[in-house]
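Undergrad: Sequence first, then the predicted structure, then my questions.
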Amino acid sequence: MTDTIIDIAIIGAGPYGLSLAAHLRNRGRSMRIFGTAMHSWAEHMPQGMHLKSEGFASSLYDPEDKFTLKAYCAEHAIPYADIGLPVAIETFIAYGLEFQKRYVPILENVNIVSLKQLEGCFELTTAAGETLRARRVVVAAGIVSFAHLPPLFASLPNSMISHSSQHSDLRGFKGRRVAVLGAGASALDIAALLLQGGAQAELIARRQTIPFHDAPVEPRPLWQRATAPRSGLGTGWRSRMCTDIPLVFYAMPQALRIRAVARHLGPAPCWFVREAVERRLPMHLDATVTGAHAHEGQARLVIRQRGRQEKFIDVDHVIAATGYKAAVSRLTFIDDSVRTRVRTAEGAPILSRHFESCVPGLYFVGMAAANSFGPLLRFAYGAKFAARRMTARLARA
């Protein structure tokens, strides 16, 4: 371990970590950033899927807003449209890796396994065994740590149950019967890809209908643009306010903020997956899973639907597209002595207007900050706001 103390350490190299590091470069502060570039996207999202966000809302952010997804696609002759042309995840990952090479060449491809606090600084330990010290630490750990698997499924062996974030390659399910739980984009994307790969997929969801988004039509009439303006989170004034004035959202009462994050932009698959799944796979809607256990080498799910008799569904595997719940307790690399001091609400850290937790010098961005700054922070589009605001703070601290 060196006695040198760096100013800033960033943990995580997804859209938030990379955008922040790009902004902080050449700002007169010593900095190190750790992690594998675009790891969550490349290793925990299924190959062949498309982004839910429109093209204009799917960029990483350099200080001059020059190297957008649009610019990358133009350089590589990849079809692109700001609105209406779904972005393939492979394109987004390749763009993120190129962004890292150009703007964050200092990225260290190693994970942080321990974060402790000493007097006046933090102590970080890498998976390679290096120990270093930093005055301020930004946790940009992404969503994978927050994958939520309902306790109901704890009785199933791991070979029969998994979270949607555990799959980047679905080809291994060919010929197998798979139940997908959920009604959101992840669930329908996975169901469509399973069908394409030769699996026998079926969907189980609590919703009475699947709320597919409508295909965007541009240009829109003036009255539509006025009543439902477009934003990086979709159309409508609530979404527009979330993207344009997140500090107003921050000023709202905490209980109202948490409720808004939970309810706004709920599960909804995109228009382009509708044709791939409708009338092509069984959908058990308005259904609640009341039990799950292994039965004769398969996973047996007990399903209850309104007005119907309870029924059993036997499958080879269950993929739970049951979302993510931000919780500091899930970030196990943070030492207990630090983690237990972070004040939380519904598990997520309570942050200052500059993303700082109650532990001085410890910051959180991305999904962990959504309860403070709104749904914007659940999407890559929020990296621009976070990078600019945190840079203004960290560069002068």
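TA: Noted; the coordinates are in hand. Model, not experiment: these values are computed from the prediction. Numbering: from 1, shown residues only.

Undergrad: use CA for all of it now, contacts and neighbours both
TA: Will do.

Undergrad: Walk me through the domains of the protein.
TA: According to automatic domain parsing, the chain is divided into the following domains: 5-146+324-394, 151-212+268-320.

Undergrad: and of the ones you listed, who's closest to Ile258?
TA: domain 5-146+324-394 (5.3 Å; Cα to Cα).

Undergrad: what stretches of the chain score poorly on pLDDT?
TA: Low-confidence segments of the chain (pLDDT under 70): 1-3, 397.

Undergrad: Need the residue closest to the centroid of it.
TA: The centroid of the chain falls nearest to Ile143 when counting by Cα atoms, centre = their mean (4.5 Å).

Undergrad: quick one, phi/psi of that one?
TA: Dihedral angles phi and psi of Ile143 (degrees, to the nearest 10) take the values phi -100, psi -10.

Undergrad: coming back round to it: reformat the domains of the chain as a markdown table; add distance to Trp237.
TA: Written out in a markdown table, the entries for the domains of the chain read as follows (distance: least, Cα to Cα, whole Å):
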| stretch | distance to Trp237 |
| --- | --- |
| domain 5-146+324-394 | 13 |
| domain 151-212+268-320 | 18 |
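
Undergrad: Can you tell me which of these is nearest to Ala255?
TA: Judged by Cα to Cα, the one of these that comes nearest to Ala255 is domain 5-146+324-394, at 9.0 Å.

Undergrad: roughly how far out does that closest one sit from the chain middle?
TA: Counting by Cα atoms, centre = their mean, to the nearest Å, domain 5-146+324-394 is centred 11 Å from the centre of its parent chain.

Undergrad: for it, how far is the first residue from the last?
TA: Between the opening and closing residues of domain 5-146+324-394 lies a distance of 15 Å (Cα to Cα, to the nearest Å).

Undergrad: Quick check, Leu115 in contact with Thr332.
TA: No. Assessed by Cα atoms under 8 Å, Leu115 is found out of contact with Thr332, at 9.3 Å.

Undergrad: Which one's more surrounded, those two?
TA: Neighbour count, other Cα atoms under 10 Å: between Leu115 and Thr332, Leu115 has more, with 24 against 13.

Undergrad: what helices or strands is whatever helix or strand the more buried one lives in leaning on?
TA: Secondary structure assigned from DSSP states H and E places Leu115 in strand 112-118. In terms of contact count using 3 or more Cα pairs under 8 Å, 6 or more residues apart in numbering; DSSP states H and E, strand 112-118 is assigned the packing partners strand 121-126, helix 336-339.

Undergrad: Out of these, which one sits most buried?
TA: Among those, the stretch with the highest mean neighbour count (mean count of other Cα atoms under 10 Å) is strand 121-126, at a mean of 19.

Undergrad: can you give me the angle that strand makes with strand 112-118?
TA: For strand 121-126 against strand 112-118, the angle between stretch directions is 160 degrees (axes from the mean of the first three to the mean of the last three Cα atoms, to 10 degrees).

Undergrad: Residues touching strand 121-126, excluding its own?
TA: Taking contacts as Cα atoms under 8 Å, 6 or more residues apart in numbering, the residues outside strand 121-126 that touch it are 5, 110-117, 131-137.

Undergrad: Can you give the contact residues for the very next helix or strand once past it?
TA: Note on strand 121-126: by DSSP H and E, the next helix or strand toward the C-terminus is strand 131-139. By Cα under 8 Å, 6+ apart, the surrounding residues in contact with strand 131-139 are 1-12, 120-125, 361-365.

Undergrad: can you put the helices and strands packed on strand 112-118 in JSON lines and add distance to Val328?
TA: Rendered in JSON lines, the data for the helices and strands packed on strand 112-118 read as follows (distance: least, Cα to Cα, whole Å):
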{"stretch": "strand 121-126", "distance to Val328": "17"}
{"stretch": "helix 336-339", "distance to Val328": "7"}
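
Undergrad: Which parts of the stretch 51-200 of the chain are strands?
TA: Taking DSSP state E, counting those that start in this stretch, the strands of the stretch 51-200 of the chain run over residues 112-118, 121-126, 131-139, 161-163, 177-181, 200-204.

Undergrad: Output those as a markdown table; include the columns distance to Ile83.
TA: Supplementary listing: the strands of the stretch 51-200 of the chain in a markdown table, determined by distance: least, Cα to Cα, whole Å:
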| stretch | distance to Ile83 |
| --- | --- |
| strand 112-118 | 38 |
| strand 121-126 | 41 |
| strand 131-139 | 31 |
| strand 161-163 | 30 |
| strand 177-181 | 29 |
| strand 200-204 | 29 |
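
Undergrad: Ok, which of those strands comes nearest Tyr250?
TA: Proximity of these to Tyr250 was assessed by Cα to Cα; the nearest stretch is strand 131-139, lying at 19.3 Å.

Undergrad: Show me which residues of the closest one are buried.
TA: Of the residues in strand 131-139, those with enough neighbours to count as buried (16 or more other Cα atoms under 10 Å) are 132-139.

Undergrad: got it, and stretch 27-44?
TA: 31-42, 44.

Undergrad: Output the longest helix belonging to this structure.
TA: For the chain, the longest helix by residue count, based on DSSP state H, is helix 89-103.

Undergrad: ok, back up a step: so which of the strands of the stretch 51-200 of the chain is nearest His295?
TA: Within these, the stretch nearest His295 is strand 161-163; the backing value is 13.4 Å (Cα to Cα).

Undergrad: can you tell me which of the buried residues of stretch 27-44 are in helices?
TA: In helices, judged by DSSP H, the following of the buried residues of stretch 27-44 are found: 39-42.
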